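J.: task: produce atomic coordinates for the following.
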Amino acid sequence: MSLNDKIILITGANGGLGRAIAKMAADRGARLALAELDSEKAAAAVAALPPERQAQAEAFAADLRDEPAIEQMMQEIAAGFGRLDGVVNNAAMLAADDSNAIDTPLASWQATLDVNLTGAFLVYKYALPQMLAQGHGSLVTMSSVVAHSASAVPQIAYTTSKGALEAMTREIAMTYARDNIRANCIAPGPILTERTAHYFDTPEKWQGRRQHIPMGRLGRPEEIAALACFLLSDEAGWQTGGVYRADGGIAASYVVDDRNGTKTP
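T.: Take a look at the predicted model:
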């Protein structure tokens, strides 16, 4: 999966998944534009790379809710790198009070859609003209297993945003397929990172999640990074409009362990 000399933009680059994707892409020869909400987080994303890889990356700060900021970031990437071969739309939020349809505040619903869905749309809105001009590109959207199998813990805004991301990505894939621009989604299950560790940090919390995972373990960031790097690479030249689940079998599951450790029929 060579990414030699490809220019890749990764949003949400300082999170666990973002860092894993950045490291693997850099190891495969990519030059990286690492984007975060502010300059401090963006610089941390670069610093998280191995020292010998940091020269391959530049930090960019842009609030995904701010269209002019995204447009300016894309102009800076074009000026600094000369082209844009791939984008990983990885940035996302999950509000603490995102719950069921009755209890979720409208403000949290709107904020989640603004970041997860509209932010991704704006990144693509300003990335696509560069890709059309150069005649190629690969877009990778980070969805979630909850777009395929409703969350065991209600989070209606997050779940809705991820389902909409997949529909948007398919639309982009079909619109630009003849322009040599590919667009695909990755739908991870629960991945163990610093930001998600608190969901699994007691035996009770872990058992509550484990019963829904056929493989009986959490995913690793590197497993998602490998799939992202494949979709960014030329070896994935026939893949577009796809959704690639990496969820330990969750979305394919019917029988799971119940809370008493027995099987449900």
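J.: the strands in the protein, which residues?
T.: 7-11, 31-36, 57-61, 86-89, 137-142, 181-188, 243-246 (DSSP state E).
J.: return the most buried member of these.
T.: Comparing the strands of the chain by mean neighbour count (mean count of other Cβ atoms under 10 Å), strand 86-89 comes out on top with a mean of 28. Backbone N, C-alpha and C define where each C-beta goes, glycine included.
J.: what about that strand, distance to the chain center?
T.: Centre-to-centre, strand 86-89 and its host chain are 8 Å apart (Cα atoms, centre = their mean, to the nearest Å).
J.: ok, now stretch 23-39?
T.: 13 Å.
J.: just the endpoints, please. Distance across that stretch?
T.: Criterion Cα to Cα, to the nearest Å; first-to-last residue distance in stretch 23-39 is 19 Å.
J.: stretch 87-94 too?
T.: OK, stretch 87-94 end separation, Cα to Cα: 22 Å.
J.: centre of the chain to that stretch, how far?
T.: Relative to its chain's centre, stretch 87-94 lies at 4 Å (Cα atoms, centre = their mean).
J.: so how far is Ala228 from the closest residue to Met93 other than its chain neighbours?
T.: Setting aside the residues directly before and after it, Met93 is nearest to Val115 in space (Cβ to Cβ, 6 or more residues apart in numbering), at 4.6 Å. Going from Val115 to Ala228 by Cβ to Cβ, to the nearest Å gives 19 Å.
J.: so for those two, which residue has more residues nearby?
T.: Using other Cβ atoms under 10 Å as the criterion, Val115 and Ala228 rank with Ala228 on top: 28 against 21.
J.: quick check: that one touching Val140?
T.: Yes: with contacts counted by Cβ atoms under 8 Å, Ala228 reaches Val140, the gap being 5.3 Å.
J.: what do the two both touch?
T.: Val88, Ile186 (Cβ atoms under 8 Å, 6 or more residues apart in numbering).
J.: render the CA-only coordinates of stretch 67-79 in PDB, please.
T.: The C-alpha trace of stretch 67-79 is given here as PDB (Å, rounded to 0.1, in the frame of the first residue of the first chain):
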ATOM      1  CA  GLU A  67     -16.600  27.800   6.000                       C
ATOM      2  CA  PRO A  68     -14.100  30.700   5.400                       C
ATOM      3  CA  ALA A  69     -11.500  28.900   7.600                       C
ATOM      4  CA  ILE A  70     -11.900  25.700   5.700                       C
ATOM      5  CA  GLU A  71     -11.600  27.500   2.300                       C
ATOM      6  CA  GLN A  72      -8.400  29.300   3.600                       C
ATOM      7  CA  MET A  73      -6.900  26.000   4.800                       C
ATOM      8  CA  MET A  74      -7.500  24.400   1.400                       C
ATOM      9  CA  GLN A  75      -5.800  27.400  -0.300                       C
ATOM     10  CA  GLU A  76      -2.800  27.100   2.000                       C
ATOM     11  CA  ILE A  77      -2.500  23.400   1.300                       C
ATOM     12  CA  ALA A  78      -2.700  24.000  -2.400                       C
ATOM     13  CA  ALA A  79      -0.100  26.700  -2.200                       C
END
